[in-house]
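Trainee: any chance you can model this:
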Amino acid sequence: MRAVVARATGTRPSLMHLTQGQAANVLTFVGESPSRLNAGGRGVPQLEKAGTIAQWTMLGLLLLSVTVSSPAGFVLAAGIVGLTLVLRKRRRDRQAREDATWSASLREPVRSSTDGIENSAADAPPHQDPSYPVPVEPIAAVNLAASSPKRSYPVSLGRTEWPNVEVVGEHAYGKAIKAAFRANGAFSARRTEGEAEGVQVELVAEPDNPYDSNAISVRWRGQVLGYLSREDALGYKQPIRRIIASGLVAATTARMWASDDGAQFRARVTVALPEPELITPLNEAPTGVTTLLPWGSGIQVRKEENHFDILSSHVPADGRGLLLVSLHKEINTLKNGTQRPFVEVRLDGKRVGELSNVTSAHLLPLLEHTEAVGETAVAYAKITGSALAAQLVLHAAKATEISNDWLSKGPHPAPKLLPLAANYKVPAAYPK
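Mentor: Alright, predicted model coming up:
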């Protein structure tokens, strides 16, 4: 696991106590198959049972030798057995809880909670940016509807969501954080520490914020949980404001931790956010009836070098961005008369490349379906390049990865965003 994460991120983090469900999500996020977790027989019930029996047999023999060696050995052996059983039960309970929260759908409600926590504005969490002035939580809490009537725009665009961006100022919003923990009705008076995974949150731009006009708050059901740091808010300002100005809600997921030692309240919130340039596309979706394919692993587009005259005008200044492209089934006739279908990639109605025969085969059944129902298949693609060359990588789910439920609920139009601009006007949102 550490080697896989190191290759994908360039760092080698500590992964102690990582559960099976968490490990599967990490591998999926970095583009590796979770099946690697079962290498060597891990996860095979028969082998795991045999291993457990072997462990207990060795422990039994050890305890037997200790018991017969001295009169006090019996008491010592009983203590070891009792402690082992308690630790195994705690580990199984924690494993089940964490696997449920990490492996479940990220759209499910909060699954774990904490209690006995009181707000202490004087005690900031260790990761807080002290240079960021965060207002004290207002006496009149912001009480909005549990779900906004506006359509949500998932900033992760359907990718596996991993809470990777730190939120600051959580210490000032203890009431909202405790409310989020209580949401699933699992508030226990005996617990002073807890975690919550996959919490649905919104990112709200606050142009009227008296501390920072670029401020972006993280909210759960309309209640502020904290803010992005000044640096992060400046970077995410443009795409988040574009989403809001388009009449949509910038939605993502968060991971929360809270603890109370009886005198101080501590909390940590992290949200799932990709790089700012990969949140909103540089162009608009094609006209007509379209359906946006779910995000999938990267597929290299071929022959895009032949269409640099079109792609060059879409390469952003920083060399990387997101585009909406349409996919079309075309036929390639070989010299011997054999016809081979393939997938053609178009940008704003113009050809910019194609997929290989192998990768086309994974998408053609899906394109045949969308064409049969009168829809145009649209997908996201990453563009990277400069004034000299450009590369296009398609991100679309394969036909085998599409569920029948998704097919039956089509079409799935791409969110309608305002055209790309330097600034967007958004409404005042600072909680007073």
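Trainee: going forward, measure contacts and count neighbours with C-alpha atoms only.
Mentor: Noted.
Trainee: so what touches the helix or strand that Arg241 is a member of?
Mentor: Arg241 is located in helix 230-245, with elements delineated by DSSP states H and E. Helix 230-245 is contacted by residues 132, 153, 203-205, 212, 214-216, 249-250, 276-277, 279-280, 417-418, 420, 422-426 when judged by Cα atoms under 8 Å, 6 or more residues apart in numbering.
Trainee: let's see that with 7 Å instead.
Mentor: By Cα atoms under 7 Å, 6 or more residues apart in numbering, the surrounding residues in contact with helix 230-245 are 132, 205, 214-216, 249-250, 276, 279-280, 417-418, 423-426.
Trainee: so which of these belong to strands?
Mentor: Judged by DSSP state E, the subset of these located in strands is 205, 216, 249-250.
Trainee: make CSV from those residues and add neighbour count to it.
Mentor: Formatted as CSV, those follow (neighbours: other Cα atoms under 10 Å):
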residue, neighbour count
Ala205, 27
Ile216, 28
Val249, 23
Ala250, 23
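Trainee: about what we covered before: just the buried members of the contacts of helix 230-245?
Mentor: 132, 205, 214-216, 249-250, 276, 279-280, 417, 424, 426 (16 or more other Cα atoms under 10 Å).
Trainee: rewinding a little: then the helix holding Arg241 to PDB, C-alphas only?
Mentor: Only the C-alpha atoms of helix 230-245 are listed here, as PDB (Å, rounded to 0.1, in the frame of the first residue of the first chain):
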ATOM      1  CA  ARG A 230      -6.700  32.300   2.700                       C
ATOM      2  CA  GLU A 231      -4.400  30.600   0.200                       C
ATOM      3  CA  ASP A 232      -6.800  27.900  -0.700                       C
ATOM      4  CA  ALA A 233      -9.800  30.300  -0.900                       C
ATOM      5  CA  LEU A 234      -7.800  32.400  -3.400                       C
ATOM      6  CA  GLY A 235      -7.000  29.400  -5.500                       C
ATOM      7  CA  TYR A 236     -10.600  28.000  -5.600                       C
ATOM      8  CA  LYS A 237     -12.300  31.400  -5.800                       C
ATOM      9  CA  GLN A 238     -12.900  31.400  -9.600                       C
ATOM     10  CA  PRO A 239     -14.300  27.900 -10.100                       C
ATOM     11  CA  ILE A 240     -16.500  28.000  -7.000                       C
ATOM     12  CA  ARG A 241     -17.900  31.400  -7.900                       C
ATOM     13  CA  ARG A 242     -18.600  30.200 -11.500                       C
ATOM     14  CA  ILE A 243     -20.600  27.300 -10.100                       C
ATOM     15  CA  ILE A 244     -22.600  29.600  -7.700                       C
ATOM     16  CA  ALA A 245     -23.200  32.300 -10.300                       C
END
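Trainee: can you give me the buried ones in that helix?
Mentor: Quick answer for helix 230-245 (16+ other Cα under 10 Å): 230, 232-234, 236-245.
Trainee: which pair in those residues spans the largest distance?
Mentor: Using Cα to Cα, the pair of the buried residues of helix 230-245 lying farthest apart is Arg230 and Ala245, separated by 21.0 Å.
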